[in-house]
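Asker: Okay, sequence plus prediction incoming.
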Amino acid sequence: MAKTFSKDDVASHSKGDSPWIIIDEDVYDVSKFQDEHPGKASNIQKMWLQTGMFRGKKILQRVAGKDASKQFWKYHNEGILKKYKGQLQIGSLNTKKAAEPAPKPAPAPTPAPTPKQSDSSNSSVPPPAKAEPQDPYGDLVPFADPSWYQGYSSPYFNETHAALRDEVRQWVESEIEPYVHEWDEGKEVPGHIYKQMGERGYLAGLLGGEFPSKHTPYRIKSVAPERYDLFHEMLLTDELSRAGSGGLVWNLVGGYGIGCPPLVKFGKKELVDRILPGILAGDKRICLAITEPDGGSDVASLGCEAKLSEDGKHYIVNGEKKWITNGIWADYFTTAVRTGKPGMNGLSVLLIEREAGGVSTRRMDCQGVLSSGTTYVTFEDVKVPVENLIGKENQGFKVIMTNFNHERIGIVIQCVRFSRVCYEEAMKYAHKRKTFGKRLIDHAVIRMKLAHMARQIEATYNWLENIIFQCQCMEETEAMLKLGGAIAGLKAQSTQTFEFCAREASQIFGGLSYSRGGQGGKIERLYRDVRAYAIPGGSEEIMLDLSMRQSLRVHQMFGMKL
Ligand code: HEM
């Protein structure tokens, strides 16, 4: 049983080497911690410490023996307690009420429609008005989570989605979020986190189709493979993004989420059987290598060359790739190469294995997504077996294009959640920070900012849900054609929403979001990540133009009347 203390017990630790403090009726022994307070200080904090204006130890000693909840919440957010609780909490006050019992399990809801990808009839879909709501979940700050988290009905989500949401959230809140700042600064995420992505079945669940049970023994705890759908996949990325770091998400799913699907969909069986199990287990890493130093969104102009050897057994690859996510850690590179004439009909996709030799990688210094390992890759006379051709020779453009919808939807999911993180952090801060005698939330100008954030978040998210539902109801090629325009438009919508929310949250946080780490740390980091979403995967300009061109082309086939 956890230890309990009276207020007098705590008061007897008001001085000297063993200060105790109370935060929210829990008792913390900060004796050992006081010398290192404020924890691992950021560079700015270190400078501050050197000036002597911030005395972390003295601050703690001033509140030793007392209830310091008010002061604590003024300067920290929840992440700090999550990180240090295990290490510093020694018990609770004897007056603290026992925690509320865990909410009862959700009543069996009406199963949400989960049409198979091949089933385009969806005649069994019940009208949305009849869908049962799930039990409310999370902090219930309006618009800080999707509405189905907050007691509203949805036709898309059932109890398996609710269970997965909780499974991922608990993992992220306990093992990821408290450390994300350190990882971002260190430009790396510890290998055991990626390994857990494999063991928890999350890598397998992020392929954009059926759960690949055949190639992995790992299963997602809260949802059986046969019930797994695209909304589960969406949830995985969404909940990972709550950590508020593009670098983290790209480290864990950036290279894999775009590099692996072409292998699975278009790779030869022997190749897939040989390498997919290691990738899904989190032992081997794969990335997508398309962009080149002078060729981004203009895929048809790529120049990295692959020449067939005289005996016809290998391609010899020479060329360079730039801004390749996860490249420095990758064992496999799903690479766009030129095997034929100029233009889109001379492109192929090869699976290049690092151990073939001739592959060198160097980390690039970028503005944001710091822990994602953005890389410059050079291929020099790399010998690639012809068996590693993904799709058909000179038909790589189709492989690349098929991949784009999945990639862009992933970007959208992240942008919407990052926007929510900006909004949620700003909303919480606005309730505690006072200026001119009022809390920020009591100023109309601040409410206006939050309202503009919320309306854009909800509009974007609801479009996203609809697109995911459409993807579930269509074959992949049909989706590529019919939804390509809408997905391009949605990508631009989501990155602009993200940019807007990062900016407005930063205005609300003021100086705290200008320095790294601390209370405004998530906003500062996300602000730096914005361009990593607005530019790759198709820049906003290209996306908006494509949304019109593609949609018009498709609707012409539908018989559009102008
Ligand atoms: C369990 C107790 C505490 C822990 C684990 C803790 C931890 C930390 C950490 C890690 C930081 C670095 C900044 C950040 O990442 O947010 C920090 C900053 C700070 N802490 Fe604490 N702290 C505790 C209690 C307190 C208390 C009781 C006070 C005030 C009476 C206080 C005042 C501050 C101040 C003023 C800063 C600098 C805030 C800033 O950079 O804007 N801390 N603390």
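Answerer: Sure thing, it's come through.
Asker: Please list the residues outside the helix or strand hosting Leu552 that contact it.
Answerer: If you go by DSSP states H and E, Leu552 is part of helix 540-558. With contacts defined as CB atoms under 8 Å, 6 or more residues apart in numbering, helix 540-558 is touched by 297, 408, 481-482, 484-486, 488-489, 491-492, 495-496, 534, 538, 560. For glycine as for every other residue, the C-beta is placed from the backbone atoms N, C-alpha and C.
Asker: Could you look up the SS state of the residue nearest to Asp145 when sequence neighbours are not counted?
Answerer: Closest residue to Asp145 apart from its sequence neighbours, by CB to CB, 6 or more residues apart in numbering: Gly138 at 4.8 Å. Following DSSP: H, G, I helix; E, B strand; the rest coil, the label given to Gly138 is coil.
Asker: gap between Gly138 and the ligand?
Answerer: Distance, Gly138 to the ligand, by CB to the nearest ligand atom, to the nearest Å: 22 Å.
Asker: Next, the buried residues of stretch 422-442.
Answerer: By neighbour count with 16 or more other CB atoms under 10 Å, stretch 422-442 contains the buried residues 422-430, 433, 440-441.
Asker: same check, this time on stretch 283-290
Answerer: 284-290.
Asker: Quote the end-to-end distance of it.
Answerer: One end of stretch 283-290 sits 23 Å from the other (CA to CA, to the nearest Å).
Asker: For the protein, which segments count as strands?
Answerer: Applying DSSP state E to the chain gives strands spanning 4-5, 20-23, 26-29, 89-93, 286-289, 305-308, 314-325, 332-338, 347-353, 359-363, 374-385, 389-390, 434-435, 438-439.
Asker: Those: which one's closest to Lys187?
Answerer: Smallest distance to Lys187 across these (CB to CB): 7.5 Å, for strand 359-363.
Asker: show me what contacts Gly346?
Answerer: Going by CB under 8 Å, 6+ apart, Gly346 touches 338-340, 394.
Asker: ok, the closest residue to Gly65 other than its chain neighbours - contacts?
Answerer: Leaving aside its sequence neighbours, Gly65 sits nearest to Ser14 (CB to CB, 6+ apart; 2.7 Å). Taking CB under 8 Å, 6+ apart, we find Ser14 in contact with 64-66.
Asker: a markdown table for those, including pLDDT?
Answerer: Output for the contacts of Ser14, formatted as a markdown table (pLDDT from 0 to 100):
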| residue | pLDDT |
| --- | --- |
| Ala64 | 93 |
| Gly65 | 94 |
| Lys66 | 95 |
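Asker: Relative to Arg447, which of the residues you listed is nearest.
Answerer: Within those, the smallest distance to Arg447 is 34.5 Å, found for Lys66 (CB to CB).
Asker: Number of residues surrounding that closest one?
Answerer: 17 (other CB atoms under 10 Å).
Asker: right, and it touches Ile22 too?
Answerer: Yes - in terms of CB atoms under 8 Å, Lys66 counts as a neighbour of Ile22; the distance is 6.9 Å.
Asker: Please tell me which one of the contacts of helix 540-558 counts the most neighbours.
Answerer: Lys491 (30 neighbours).
Asker: contacting residues around it?
Answerer: The neighbourhood of Lys491, defined by CB under 8 Å, 6+ apart, consists of 408, 411-412, 537-538, 540, 543.
Asker: Next, count neighbours for Trp183.
Answerer: Using other CB under 10 Å, Trp183 is surrounded by 20 other residues.
Asker: where does it land on pLDDT?
Answerer: Looking at Trp183, its pLDDT reads 96.
Asker: And Pro536, by the same measure?
Answerer: Here, the pLDDT recorded for Pro536 equals 89.
Asker: Check the one 5 residues further on too.
Answerer: At Glu541, the pLDDT value in this model is 94.
Asker: shaky segments in the stretch 201-350 of the chain?
Answerer: 296-297 (pLDDT under 70).
Asker: So which residues of it form helices?
Answerer: 230-241, 246-249, 255-266, 269-280 (DSSP state H, counting those that start in this stretch).
Asker: And those: which comes nearest the ligand?
Answerer: helix 246-249 (16.7 Å; CB to the nearest ligand atom).
Asker: Show me which of the strands of the chain has the highest average neighbour count.
Answerer: Highest mean neighbour count among these (mean count of other CB atoms under 10 Å): strand 286-289, with a mean of 28.
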